[in-house]
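[1] Task: produce atomic coordinates for the following.
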Amino acid sequence: MASTTGDVSDYGTTQSAIAGPQSGWVLFSGIMLMFSGLWIAFEGFFAFFRSTYFIGSAVFGSLWIWALAWLGFGLLLMAAGGAVTSGRNWGRWFGIVVVALALLLQMLSFATYPWWSAVMIGVDVLILFGLAARWNRQEGAMY
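    From the prediction side, this is the model:
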């Protein structure tokens, strides 16, 4: 609808359809989810082809089973990061579940490469905090 001053305003859009800006923690978490997924996928790739890269042996199972788990969780983390950065509310829930499972995976594979697992556990804790802190229901509500 045009007014006499020449500006055009659209009164048909509702507030729930407009996505507000994401908070810094949510954006940080989305980006770190993608990087964490990429790093874990590389870890799985290295486990397939360079088993000498790892210090110890796996807690249970062989290294190729852990490599498959790392590759799978890497892909899931990258998908969750894409959903979070695009502003999907379900992406935050999906990210929380996948990061919590990836955190457990890093704890179980601590014996294979302890320093890297410790760093990734710290990153996963920061991601979980970023996804759960200051939860705003209207933030990122895109339909």
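
[2] okay, CA-based contacts and neighbour counts for the rest of this
    Fine.

[3] How far off centre is the lengthiest helix in the chain?
    Longest helix in the chain, counting residues (DSSP state H): helix 24-49. With C-alpha atoms, centre = their mean, to the nearest Å as the basis, helix 24-49 stands 7 Å off its chain's centre.

[4] Next: stretch 88-107.
    Put simply, stretch 88-107 sits 7 Å off its chain's centre (C-alpha atoms, centre = their mean).

[5] same check, this time on stretch 73-89
    Computed by C-alpha atoms, centre = their mean, the chain-centroid distance of stretch 73-89 equals 5 Å.

[6] which residues of the chain score low on pLDDT?
    Along the chain, segments meeting pLDDT under 70 span 1-22, 51-59, 61, 134-143.

[7] so who does Phe42 touch?
    With contact set as C-alpha atoms under 8 Å, 6 or more residues apart in numbering, Phe42 has these partners: Leu71.

[8] Sorry, slip of the keys, the one I care about is Leu103.
    Counting by C-alpha under 8 Å, 6+ apart, Leu103 touches 120-121, 124-125.

[9] that's a helix at it, yeah?
    Yes. Counting by DSSP: H, G, I helix; E, B strand; the rest coil, Leu103 is found in a helix.
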